[in-house]
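K.L.:
What shape does this take:
(one chain, ligands or ions: 1)
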Amino acid sequence: MQTELDLKQAYAAARPASQAAFQRAQRVLAGGAGHDLRFARPMPLYIARAKGSRKWDLDGHEYIDFLMGNGALLLGHAAPEVVAAIQEALAHGTHFGNDHLPQIEWAEQIRRLMPSAERIRFVNSGTEATHLALRVARACTGRTRILRFAGHFHGWHDGVVHGFQPPFEADGSTGVPAGVRTESILIADGDLNRVEHALATDDDIAGILIEPSGGSWGRQPLDPQFLHGLREITARRNRLLIFDEVITGFRYSPGGAQELYGVRPDLTCLAKIVAGGMPGGALAGRADLMAAFELTGVTHHDRFERVAHQGTFNAAPLSVAAGLATLRRIASGEPTRQADSAAAHLRERWEEVLERHGVAGYVYGVSSTFHVYFETDPRRLDAASTRSDLYTVDPARLKGMPGELVATYQRALRSFGADNMSCTGGVLSAAHTAEDIDRSTEIFEATVLHLRDAGVVKPMPD
Ligand SMILES: Cc1ncc(COP(=O)(O)O)c(C=O)c1O
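P.N.:
Okay, the predicted model is just below:
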């Protein structure tokens with residue numbers, strides 16, 4: 001039996017180049033990594049190249065990839081048409097600082113897929129998209145506060161950095177002025193009465209910002225009826241409904257979660273897939289709201305009565321090229337069907353692994369996503385007689401798996417040959433094959449057995 005210490009040591013020993021990179025990184029990178037979630041012990045993963053569903057680290061180890069560029073890749077790594085489009089654009093220059101025709105084609109393509117995107121303003125990331133959405137919502141309603149849901153993630157700017165990880169009421173980061181917190185009202189999702197009450201008792205709420213998948217790309221499952229209810233309440237009370245489709249956009253369906261669930265928001269935040277694996281994002285929405293950007297030539301209006309927005313790299317040519325090539329292929333519906341079917345297959349096979357080994361937990365997810373939840377609370381285990389008794393939608397539970405369990409899971413998964421997206425979940429792409437599912441099921445099984453032997457997951461009660 002391989003102990004956790006054995007695994008950790010073997011993992012590090014097999015990755016000398018990665019160890020050396022980590023030594024260098026700690027001397028020059030703040031926090032030792034480029035993103036909070038990339039940091040890992042004994043060292044982060046250092047990737048040298050990626051293709052299709054796979055990627056390879058500095059030491060030559062191959063991984064089946066369920067991170068897929070933080071969810072930005074639905075066609076897989078280095079999809080030939082995306083690479084070709086970038087190469088073609090590259091030959092014409094990387095950045096003009098001027099507008100260009102492909103930007104308009106990109107916007108037209110987005111609108112074809114997502115009819116609520118009547119007008120579009122390009123930005124550089126999901127964080128920028130939600131930041132701009134809040135500004136437009138406030139500008140258009142004359143109201144200040146935003147209703148948000150505990151556990152939903154909207155990027156790292158001051159206005160949204162708190163509230164996505166438990167304890168949800170606590171600060172999300174140091175360095176954020178205390179007053180900013182009060183500009184968001186944070187409530188639990190799933191209960192329309194609570195939403196109705198919040199809007200009825202606070203006239204200063206401009207709109208509602210939500211991940212339509214449920215918090216953290218569906219790690220907290222959400223009944224789509226809740227979205228329909230939000231649409232009805234916000235329309236009746238004249239507040240805005242803002243979907244953060246940074247992950248779900250063009251993944252949940254070619255028209256995003258709004259198409260899958262049949263709910264049309266007022267504003268939509270986009271990033272990741274929209275830019276085909278290059279940096280990019282967009283705020284899209286109702287023409288009358290997006291008119292807040294319009295320059296009229298009247299000095300007072302243009303200086304004081306509109307939403308200001310700049311950005312050196314908005315709709316930069318290489319991002320436009322990658323985004324357009326990606327969305328054109330997604331428009332056929334085929335990539336979504338392939339990725340969804342691969343993910344459904346994976347969820348089924350991984351669930352069987354938990355069942356076969358009697359481990360307390362379950363696998364769930366929508367579209368091309370999956371999440372694994374391990375139950376470790378003895379009280380809940382005592383009360384459970386079947387696997388479905390473990391099921392929970394409580395965000396504090398779903399996001400409250402012990403840190404040691406999550407770190408061990410991630411390390412074991414990598415050491416056996418797969419990488420996930422965050423915590424214990426991942427996303428698939430059209431490049432994932434049946435063979436990837438077979439192989440990843442073996443990897444998941446080895447991981448689960450390791451966790452069981454390490455004592456960090458619990459058996460299902462008899
Ligand atoms: C739902 C959601 N919104 C916003 C963001 C922030 O996007 P970015 O990392 O591009 O700033 C993310 C990032 O993962 C996200 O998942």
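K.L.:
For this structure, list the residues in contact with the ligand, please.
P.N.:
Neighbours of the ligand within the chain, by C-beta under 6 Å from any ligand atom: 70, 125-127, 130, 153-155, 211, 217, 244, 246-247, 271. Every residue, glycine included, has its C-beta placed from N, CA and C.
K.L.:
and the closest residue to the ligand within the stretch 351-462 of the chain, what are its bridge partners?
P.N.:
Residue nearest to the ligand within the stretch 351-462 of the chain (C-beta to the nearest ligand atom): Ser422, separated by 8.2 Å. Under DSSP bridges, the beta-bridge partners of Ser422 are Gly425.
K.L.:
Which other helices and strands does the helix or strand hosting Arg329 contact?
P.N.:
With secondary structure defined by DSSP states H and E, Arg329 is part of helix 317-330. Packed against helix 317-330 by the contact rule (3 or more C-beta pairs under 8 Å, 6 or more residues apart in numbering; DSSP states H and E) you find helix 80-90, helix 101-113.
K.L.:
what does the average pLDDT come to for it?
P.N.:
Average pLDDT, helix 317-330: 98.
K.L.:
Likewise for stretch 443-456?
P.N.:
Regarding stretch 443-456, the rounded mean pLDDT is 96.
K.L.:
so what's Pro177 closest to, chain neighbours aside?
P.N.:
Asp158 (7.1 Å; C-beta to C-beta, 6 or more residues apart in numbering).
K.L.:
Okay, now the unreliable bits of the stretch 1-150 of the chain?
P.N.:
Of all residues in the stretch 1-150 of the chain, none has pLDDT under 70.
K.L.:
count of residues packed around Arg54?
P.N.:
Other residues near Arg54 number 19, with proximity taken as other C-beta atoms under 10 Å.
K.L.:
Next up, the contacts around the residue nearest to Pro177.
P.N.:
By C-beta atoms under 8 Å, 6 or more residues apart in numbering, the residues touching Asp158 are 176-177, 180.
K.L.:
quick one: secondary structure of it?
P.N.:
Following DSSP: H, G, I helix; E, B strand; the rest coil, we place Asp158 in the coil state.
K.L.:
Check it and give its pLDDT.
P.N.:
At Asp158, the predicted lDDT confidence score is 96.
K.L.:
max-length helix in this protein?
P.N.:
Ranked by number of residues, the top helix in the chain under DSSP state H is helix 334-356.
K.L.:
Check which element follows it along the chain.
P.N.:
Reading on from helix 334-356 to the C-terminus, the next helix or strand found by DSSP H and E is strand 361-364.
K.L.:
burial measure for Glu183, as a count.
P.N.:
Glu183 has 17 nearby residues by other C-beta under 10 Å.
K.L.:
now do the one 4 residues further on
P.N.:
The burial metric for Ile187, expressed as a neighbour count using other C-beta under 10 Å, is 17.
K.L.:
repeat for Leu346
P.N.:
What Leu346 shows, counting by other C-beta under 10 Å, is a neighbour count of 24.
K.L.:
Same check on Ala17?
P.N.:
13.
K.L.:
swap in Thr201?
P.N.:
Neighbour count for Thr201, taken as other C-beta under 10 Å: 9.
K.L.:
Report the contact partners of Arg397.
P.N.:
Neighbour list for Arg397: Asp377 [criterion: C-beta under 8 Å, 6+ apart].
K.L.:
related to what we said a few turns ago, could you give the separation of the longest helix of the chain from the chain centroid?
P.N.:
Distance of helix 334-356 from the chain centroid (C-alpha atoms, centre = their mean, to the nearest Å) equals 19 Å.
K.L.:
Stretch 146-166 now?
P.N.:
Mean-position distance between stretch 146-166 and its chain equals 13 Å (C-alpha atoms, centre = their mean).
K.L.:
Span of it from start to end?
P.N.:
20 Å (C-alpha to C-alpha, to the nearest Å).
K.L.:
With stretch 243-262 instead?
P.N.:
End-to-end distance of stretch 243-262: 13 Å, with C-alpha to C-alpha as the criterion.
K.L.:
pLDDT (mean, whole number) over it?
P.N.:
Average pLDDT, stretch 243-262: 98.
K.L.:
tell me the SS of the closest residue to the ligand within the stretch 201-350 of the chain?
P.N.:
Closest contact between the stretch 201-350 of the chain and the ligand, by C-beta to the nearest ligand atom, is at Val246 (3.5 Å). Following three-state DSSP, the label given to Val246 is coil.
K.L.:
what's the burial count for the nearest residue to it once chain neighbours are set aside?
P.N.:
On the basis of C-beta to C-beta, 6+ apart, the spatially nearest residue to Val246 that is not a chain neighbour turns out to be Gly126, at 3.6 Å. Neighbour count of Gly126, defined by other C-beta under 10 Å: 28.
K.L.:
Who are the contact partners of Gly126?
P.N.:
By C-beta under 8 Å, 6+ apart, Gly126 lies in contact with 154-155, 244, 246, 269-272, 281.
K.L.:
Tell me how the chain divides into domains.
P.N.:
Each domain of the chain is listed here as a residue range: 4-76+334-454, 80-330, per automatic domain parsing.
K.L.:
Would you convert these into TSV that also reports distance to Met460?
P.N.:
Converted to TSV, these look like this (distance: least, C-beta to C-beta, whole Å):
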stretch	distance to Met460
domain 4-76+334-454	5
domain 80-330	21
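K.L.:
Residue of the stretch 101-250 of the chain nearest the ligand, please.
P.N.:
Relative to the ligand, the nearest point of the stretch 101-250 of the chain is Gly126 (2.2 Å; C-beta to the nearest ligand atom).
K.L.:
and the gap between Ala25 and the ligand?
P.N.:
20 Å (C-beta to the nearest ligand atom, to the nearest Å).
K.L.:
Walking through the stretch 1-150 of the chain, point out its helices one by one.
P.N.:
For the stretch 1-150 of the chain, the helices defined by DSSP state H, counting those that start in this stretch cover 4-13, 16-28, 68-71, 80-90, 101-113, 126-141.
K.L.:
Ok, the stretch 151-300 of the chain next?
P.N.:
Residue ranges of the helices in the stretch 151-300 of the chain, as given by DSSP H, counting those that start in this stretch, are 178-181, 192-201, 215-218, 224-236, 256-261, 287-290, 299-304.
K.L.:
what's the fourth one in contact with?
P.N.:
The set of residues external to helix 224-236 that reach it, using C-beta under 8 Å, 6+ apart, is 189-190, 192, 195-196, 199, 207-208, 210, 212, 239-241, 257, 260-266.
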